[in-house]
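A.B. asks: What follows is a predicted structure for the sequence shown.
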There are 2 protein chains.
Amino acid sequence: MLIKYDHPTRILLALDCIIFGFDGEELKLLLVKRNIEPEIGKWSLMGGFLNEGEDLEVAAERILYERTGLKEIYFEELQTFGKVNRDPVERTVSVCLFSLINIHAHNPDAAKAQNAYWINLKNRPNLIFDHNEMVNLAIERLRYKAALHPIGFELLPEKFTIPQLQKLYEAIYDMPLDRRNFSRKILSTGLLIDTGEKNENSITKKAILYRLDQEKYQKHFNAFLNFMPDVSLS
Amino acid sequence: MLIKYDHPTRILLALDCIIFGFDGEELKLLLVKRNIEPEIGKWSLMGGFLNEGEDLEVAAERILYERTGLKEIYFEELQTFGKVNRDPVERTVSVCLFSLINIHAHNPDAAKAQNAYWINLKNRPNLIFDHNEMVNLAIERLRYKAALHPIGFELLPEKFTIPQLQKLYEAIYDMPLDRRNFSRKILSTGLLIDTGEKNENSITKKAILYRLDQEKYQKHFNAFLNFMPDVSLS
DNA sequence: TCAAAAGTGTTCTTCCTACACCCATGG
DNA sequence: CCATGGGTGTAGGAAGAACACTTTTGA
C-alpha cells in the first residue's frame, strides 16, 4: 500500500460491549469500575481498541473473550457511536456491541480481576461518556429482538425450565405474563426438547428441564415468532 | 486534548450509502460508475469520508445530501464493515447507511453530474470491494423492516394509491399479494388519509390518492404491524 | 394436610386468508 | 360494450387471550 487516500482524518476505533446476563430473577449488566484514566473510579462499559491488521469482527470476538473468558457467545453490532466529543481524551468512534451470555458460565474471578461486576439493570449507576445512551439503546434492542426471535435462550443455562424462561421474559419486559399462554406459545415453537430431567433445585413441584433444539434454532432464527403479546415498542 | 490514548492504530472512516428508490414497477439502487481511482470504471455505492470535527451522524446527513440533493430523508445505520483488506488502497472502516428516498424527488441532473444512475435491483452490476455484501444485507434489512414497520411510504411520492403501495411491497418481497387483503390491512392501520383526489394517470378506474398521517406514523412507527403474510426471512 | 409452584384444557374472540362480485374509465 | 384495473364483503379457520382446575413436593 503505497498511495493512501487524500483525506486528512484518521481516527481511533473503539469497541464497547453491552453484556447482558440473567441470574434467575433480574437482568444484569457486566460493568467495570474504572481503575484507569480517564474517569477513574467511575463506572463504564467494557471495551477495547481495534488493532492494526485485525478485522473488526475478530476484534469484537477478541474483546468479548478478554472481558468474559467466553467464546462463541451471542453478539451483534448495536450501533456505531461517533459524536466528536464523546470521549474527552481524543476523538474515538465506538462500535458498540450487544451481547447475551449465560451468567453462570462466566468466571467471577476473571471479572474481579478486571474490576467488573454484574449490576442489576434497574439500579445501574451512571456511566461515563455516552455509555448510558448505549445501554438504553441496547435495552430497546433486547426488547425488540426477544419479542420476535428466540434470543432469550442465550441468557439461560443449557438446561432450563419454562418457568425460568418466563421469568426472563418478565424481566426483559418488566411485565407479568400468563403462565398458561406463555408455556403453550413457547412449546408450540418446537424449539424445546424435554431432557427427561427435572429441576432439583425447586422447593415445590419440580419443573421439567428443557434444552434448545439447536438445529431448529438456527433454522427458525429469522422467523417472526411473536413471543410477546401486544408489544408496541417505545 | 494533550494526552492521547496509548494505542497505535488510527483508521480512515468511510460512510457508504445504500440508497433505495422505487419507480412504480421496480426497486432501484442509486449506484455510481466510478470515474476516480481505485477501480475506475467499475460500479460502487456512493460514499464519503468522516471529517475532522464532524459527528458521525452529521457526516451521514452531509454525504446523503451531497449524493442525492435531498435533506431529511429516511436513513439508518445498516452495519459497520471492518475487514482489514476490504479496501485495497488503505485500511478503511466503513459505516454503511441504509436509505430510502422518493425517486421522483431526486434530481436526475445532480445524479448525472456524479456519474450516478438508478439501477434495477434485479440486474445490478457487480460492485467493488465488499459493496455487494452491503447491498445484500440492505435488501435483507429492507424486507425485515418493511414487514413490521410502515417504512415503505418513504419510497413513494407524498400522494400515492393503494395499488401503488401494493406494487412496492410486491417488488420488495418479489411475490404477488392479494389485493383485497392488502388493502384491508393497510387501511386498518389508520395511517392513510384520503386526500379526496384521484390518480389521474390511471387509464381505467382512477384510484384514490392517500397521504400518510404523519402524526400516527411517528407514534406507531415501532409497533409491529405485520404488513406481510407468512414472512419468514432467509 | 397445607402452601407453593408447575402442568394442562377450554372457550371466546380476533385476525388472517381465501375467494367473487360490482364499479369506473377509455377506447 | 368491453377490457382493464380499482373498490369492497363474507365465510372459514388459525391463533391469541382470558380463565380454573389438578398435580407434585416438602415442610
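C.D. replies: Here it is on my side, so go on. Owing to the predicted nature of the structure, the values given are computational and were not obtained by experimental measurement.
A.B. asks: chain center to the biggest helix by length in chain A: distance?
C.D. replies: Here the longest helix in chain A is taken by residue count, with DSSP state H as the criterion, and it is helix A:131-148. The offset between the C-alpha centroid of helix A:131-148 and the centroid of the whole chain comes to 9 Å, using CA atoms, centre = their mean, to the nearest Å.
A.B. asks: average model confidence for it?
C.D. replies: In this model, helix A:131-148 has a mean pLDDT of 95.
A.B. asks: can you tell me if it touches DNA strand C.
C.D. replies: No. No part of helix A:131-148 sits close enough to DNA strand C to count as contact by CB under 7 Å from any atom of the strand; the gap is at least 14.9 Å. Where C-beta positions appear, they are placed from N, C-alpha and C, glycine not excepted.
A.B. asks: Past that helix, which element shows up next along the chain?
C.D. replies: Reading on from helix A:131-148 to the C-terminus, the next helix or strand found by DSSP states H and E is helix A:162-173.
A.B. asks: helices or strands up against that following helix?
C.D. replies: Applying 3 or more CB pairs under 8 Å, 6 or more residues apart in numbering or on different chains; DSSP states H and E, we find helix A:162-173 packed against helix A:131-148, helix A:179-188.
A.B. asks: For B:Gly69, find the nearest of those.
C.D. replies: In terms of CB to CB, the element of those nearest to B:Gly69 is helix A:131-148, at 30.4 Å.
A.B. asks: What is the longest helix of chain A packed up against?
C.D. replies: The elements that helix A:131-148 packs onto, with contact taken as 3+ CB pairs under 8 Å, 6+ apart, are strand A:12-22, strand A:74-81, strand A:92-100, helix A:162-173.
A.B. asks: what's the pLDDT at the closest residue to A:Ile3 other than its chain neighbours?
C.D. replies: Across the structure, with CB to CB, 6 or more residues apart in numbering or on different chains as the measure, the residue nearest A:Ile3 apart from its sequence neighbours is B:Val89 (6.8 Å). At B:Val89 the predicted local confidence, pLDDT, stands at 94.
A.B. asks: The nearest residue to A:His131 once chain neighbours are set aside: neighbour count?
C.D. replies: Counting by CB to CB, 6+ apart, A:Leu45 is the residue found nearest to A:His131 once chain neighbours are left out, at 4.8 Å. Taking other CB atoms under 10 Å in any protein chain shown as the criterion, the count of residues near A:Leu45 is 27.
A.B. asks: Please name the residues that touch A:Leu45.
C.D. replies: A:Asp16, A:Cys17, A:Ile18, A:Leu31, A:Val32, A:Leu127, A:His131, A:Met134, A:Val135 (CB atoms under 8 Å, 6 or more residues apart in numbering or on different chains).
A.B. asks: do the same with A:Asp16
C.D. replies: Contact partners of A:Asp16, counting by CB under 8 Å, 6+ apart, are A:Leu45, A:Met46, A:Gly47, A:Phe81, A:Ser94, A:Val95, A:Cys96, A:Leu97, A:His131, A:Met134.
A.B. asks: Figure out the helix or strand that the residue nearest to A:Ile3 lives in.
C.D. replies: Secondary structure assignment for B:Val89, by DSSP H and E: no helix or strand.
A.B. asks: Now the phi/psi pair for it, please.
C.D. replies: Backbone torsions for B:Val89, taken as degrees, to the nearest 10, come to phi -70, psi -50.
A.B. asks: who are the neighbours in contact with it?
C.D. replies: Here B:Val89 is in contact with A:Met1, A:Ile3, A:Lys4, A:Tyr5, B:Pro38 (criterion: CB under 8 Å, 6+ apart).
A.B. asks: ok, so of the residues you listed, who is nearest B:Asp23?
C.D. replies: So of the contacts of B:Val89, ranked by how close each gets to B:Asp23 (CB to CB), first place is B:Pro38, at 31.0 Å.
A.B. asks: quick one: the residue nearest to the closest one when sequence neighbours are not counted and B:Asn115, what's the gap?
C.D. replies: For B:Pro38, ignoring the flanking residues on the chain, the nearest one in space by CB to CB, 6+ apart is B:Val89 at 5.5 Å. For B:Val89, the distance to B:Asn115 under the criterion CB to CB, to the nearest Å works out to 19 Å.
A.B. asks: same thing with A:Leu29?
C.D. replies: From A:Leu29 across to B:Asn115, the span is 48 Å (CB to CB).
A.B. asks: Looking at those two, which has the bigger crowd around it?
C.D. replies: For A:Leu29 versus B:Asn115, neighbours defined as other CB under 10 Å are more numerous around A:Leu29 (21 against 13).
A.B. asks: Does the more buried one lie in a helix or a strand, and which?
C.D. replies: Counting by DSSP H and E, the secondary-structure element that holds A:Leu29 is strand A:27-33.
A.B. asks: what angle do that strand and strand A:92-100 make?
C.D. replies: Between strand A:27-33 and strand A:92-100, the angle comes out at 140 degrees (axes from the mean of the first three to the mean of the last three CA atoms, to 10 degrees).
A.B. asks: Render the CA-only coordinates of strand A:27-33 in CSV, please.
C.D. replies: Listed next in CSV are the C-alpha coordinates belonging to strand A:27-33 (Å, rounded to 0.1, in the frame of the first residue of the first chain):
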residue,chain,number,x,y,z
LEU,A,27,-31.5,-8.7,34.2
LYS,A,28,-27.9,-7.7,34.8
LEU,A,29,-25.2,-5.8,33.0
LEU,A,30,-21.5,-6.5,33.2
LEU,A,31,-19.9,-3.2,34.1
VAL,A,32,-16.5,-2.1,35.2
LYS,A,33,-15.4,0.2,37.9
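A.B. asks: follow-up on the earlier one: can you add distance to B:Leu70 and mean neighbour count and give the helices and strands packed on helix A:162-173 back as CSV?
C.D. replies: Conversion of the helices and strands packed on helix A:162-173 to CSV gives the following (distance: least, CB to CB, whole Å; neighbours: other CB atoms under 10 Å in any protein chain shown):
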stretch, distance to B:Leu70, mean neighbour count
helix A:131-148, 26, 18
helix A:179-188, 43, 13
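A.B. asks: In a markdown table, list those along with distance to B:Glu215.
C.D. replies: Written out in a markdown table, the entries for those read as follows (distance: least, CB to CB, whole Å):
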| stretch | distance to B:Glu215 |
| --- | --- |
| helix A:131-148 | 22 |
| helix A:179-188 | 33 |
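A.B. asks: right, and those - which one's nearest DNA strand D?
C.D. replies: Distances from DNA strand D to each of the helices and strands packed on helix A:162-173 were compared using CB to the nearest atom of the strand; the shortest belongs to helix A:179-188, at 3.5 Å.
A.B. asks: so the closest one versus helix A:162-173, what angle?
C.D. replies: With the same axes, to 10 degrees defining the directions, helix A:179-188 sits at 100 degrees from helix A:162-173.
A.B. asks: Report whether helix A:179-188 contacts chain B.
C.D. replies: No. With CB under 8 Å from any CB of the partner chain as the measure, helix A:179-188 is seen stopping short of chain B, the closest distance being 15.3 Å.
A.B. asks: Are that helix and DNA strand C in contact anywhere?
C.D. replies: Yes. Interface with DNA strand C: helix A:179-188 contributes A:Arg179, A:Arg180, A:Asn181, A:Ser183, A:Arg184 (CB under 7 Å from any atom of the strand).
A.B. asks: Distance from the chain centre to that helix, please.
C.D. replies: Using CA atoms, centre = their mean, the distance between the centre of helix A:179-188 and that of its chain works out at 24 Å.
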